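S.K.: Model the following, please.
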Amino acid sequence: MTQELRFIADGMLGKLTRWLRMLGCNVEYVGDIDDKKLMEKAEKEKRVLLTSDVELYRRAELKGIKTFLVKSTNIVDELAKIALKFNLSLEMNADTSRCPKCNSKVRRASKEEVKGLIPEGTWKRKEVFWICVGCGQIYWIGSHWKRINKTLFEAKRKLEFLKRKPQHL
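M.R.: Numbers count the residues shown, from 1 in each chain. Below you'll find the predicted structure:
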């Protein structure tokens, strides 16, 4: 479902935006835009509006714009609730991820292609790389991968809890 579903996130949800992009979701992040223009953009581009602003959520709902109110500041809770609502997978797959920085797709890059563009020690130790087709950012599985997987594991546990007790949404 991540390929079909498109989100637009308001300026308060930068961290959530990056996580959803890593999971393969197309998420436009708008930091400095007034609510009216944000709702118009969501409606025009057929994006689900993600917001933590209750008033914006209510106005969007009244206009018939598909929206989701993010009530928590805990990334595990946020990811679990969005996964439940939109049937998203909480599995990290770098081959289907989007760039957390710019939302473009990433593709595998050869070791030779990234030579000189990343720290030499990393280049020598790692074999698999991805590059953003938009901004050119290069990614590899590093020490942060354990933290990412730990967060996703916790979000999956929370998701299973929510599936059993949906009234907690």
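S.K.: Could you check how far the most centrally placed residue in the chain is from Ser110?
M.R.: For the chain, the residue nearest the mean C-alpha position is Leu20 (1.3 Å; CA atoms, centre = their mean). Computed as CB to CB, to the nearest Å, the Leu20 to Ser110 distance reads 28 Å. Just so you know, the C-beta spots here come from the backbone N, C-alpha and C atoms, and that holds for glycine as well.
S.K.: Then Tyr29?
M.R.: 30 Å.
S.K.: more crowded one of these two?
M.R.: Tyr29 (20 against 11; other CB atoms under 10 Å).
S.K.: so who does that one touch?
M.R.: Contact analysis of Tyr29 by CB atoms under 8 Å, 6 or more residues apart in numbering lists 8-9, 11, 13-14, 17, 103.
S.K.: Rank the residues you listed by pLDDT and give me only the lowest.
M.R.: pLDDT across the contacts of Tyr29 is lowest for Gly11, at 91.
S.K.: Give the closest residue to that one in space, chain neighbours not counted.
M.R.: Spatial nearest neighbour of Gly11, excluding adjacent residues (CB to CB, 6 or more residues apart in numbering): Gly31 at 4.2 Å.
S.K.: So what's the residue count around the one you found?
M.R.: 11.
S.K.: can you list the domains in the chain?
M.R.: Segmentation of the chain into domains, based on automatic domain parsing, reads 6-91, 106-139.
S.K.: wait, which of these is closest to Lys150?
M.R.: domain 6-91 (9.7 Å; CB to CB).
S.K.: how would you label the residue nearest to Gly11: helix, strand or coil?
M.R.: Here Gly31 is coil, with the state taken from DSSP: H, G, I helix; E, B strand; the rest coil.
S.K.: quick one: it from Asp10, how far?
M.R.: With CB to CB as the criterion, Gly31 and Asp10 are 8 Å apart.
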